[in-house]
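K.L.:
Model the structure of this input:
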Amino acid sequence: MSLPWNPSIVALDAVQAALVALPAAGLPWALQRLRGRWWALIPPASIVAVVFGITAAPGIANGLTWLALIACPILAAATLGWAMHGAWWWLAPLAVPLLGGAIAWHDQLGGHLCAVALSALSCVTLARLLAGIAPMLLVKLGILAMAAADFYLVVVSQQLQAPNNTLVAAAPAPSLPRLQVLIIDPASMGYGDVFLAAVLGGVVAVQARRYCDQAIAAVLMLVVAVSFDALFLVLDTLPATVPVAVTLLVLEALRWVRRRGEEPVSRS
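P.N.:
Residues are numbered from 1 along each chain as shown. Model (predicted):
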């Protein structure tokens, strides 16, 4: 059984929180035509497809680890050059040394941290795109649906652990990094967990009046995630998407209170 508040676990919580703070808002004009409600199904559908796909055909995990190795550096470069706050085109090439470090030190902490950076940064581009092309309400419902599915598969039915172990163990080659999972030994976190945190960041970026609101949301996410870690006292595996959903619900409650406070008061 994992110990709560292990430094490795808290570090991964911090990665999730950072992904709430990173995404900027806006969609390239060339992608405006792709707007549609069905994109909001990506978060919940992804976890269900991966779990049952790997259960039915474990070889899918090998394909996913190669997909992550190819796509994550490209998406991370897009994040550094466009998708995050403070992005500049000349930052995009930084993805290359990150990939080099992940390969050169694939079995060391430094390599794991480079791989974590690539995987996490890749989520920001995906999240900004999703928040831009799908209706905001449906994206929020997608976040809640993915967290509910994750909770059911991990805690209730315990169907996620076996395919997750298969996915975590998969590697493109013994000397190549596993970018489909974030590892800071001895803890690990699935790509979907950090992707959902980035999607929340994309939602907040669209709705925030100023960046301070997004930074506050990131701090709230960290507090919720670290508090949620107390359940490691009774569980070996936690659905790390649940703190994302809880954070969303708290933020929505605060937005409702703010709107009520700004409503004009009529006097007779």
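
K.L.:
what's the burial count for residue 240?
P.N.:
Residue 240 has 25 neighbouring residues, counting by other Cβ atoms under 10 Å. For the C-beta atoms, the positions are set from N, CA and C on the backbone; glycine is no exception.

K.L.:
Could I get the contacting residues of the residue nearest to it when sequence neighbours are not counted?
P.N.:
Using Cβ to Cβ, 6 or more residues apart in numbering and skipping the chain neighbours, the partner closest in space to residue 240 is residue 193 (3.8 Å). The neighbourhood of residue 193, defined by Cβ atoms under 8 Å, 6 or more residues apart in numbering, consists of 16, 150, 240, 241, 244.

K.L.:
Redo those residues as TSV? Include distance to residue 163 and secondary structure.
P.N.:
Below are the contacts of residue 193 laid out as TSV (distance: Cβ to Cβ, whole Å; DSSP: H, G, I helix; E, B strand; the rest coil):
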residue	distance to residue 163	secondary structure
16	21	helix
150	13	helix
240	16	coil
241	16	coil
244	21	helix
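
K.L.:
quick revisit: can you classify the residue nearest to residue 240 by secondary structure?
P.N.:
Per DSSP: H, G, I helix; E, B strand; the rest coil, the secondary structure class of residue 193 is helix.

K.L.:
hmm, back to that, would you reformat the contacts of residue 193 as TSV and include pLDDT?
P.N.:
Listed next are those as TSV, based on pLDDT from 0 to 100:
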residue	pLDDT
16	98
150	95
240	95
241	97
244	98
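
K.L.:
Just confirm residue 188 is within a strand.
P.N.:
Yes - residue state for residue 188 (three-state DSSP) corresponds to a strand.

K.L.:
that older thread, which two in the contacts of residue 193 are spaced the farthest apart?
P.N.:
Using Cβ to Cβ, the pair of these lying farthest apart is 16 and 150, separated by 13.4 Å.

K.L.:
Run through the chain and note the low-pLDDT ranges.
P.N.:
Screening the chain residue by residue with the criterion pLDDT under 70, one finds the ranges 1-3, 264-268.
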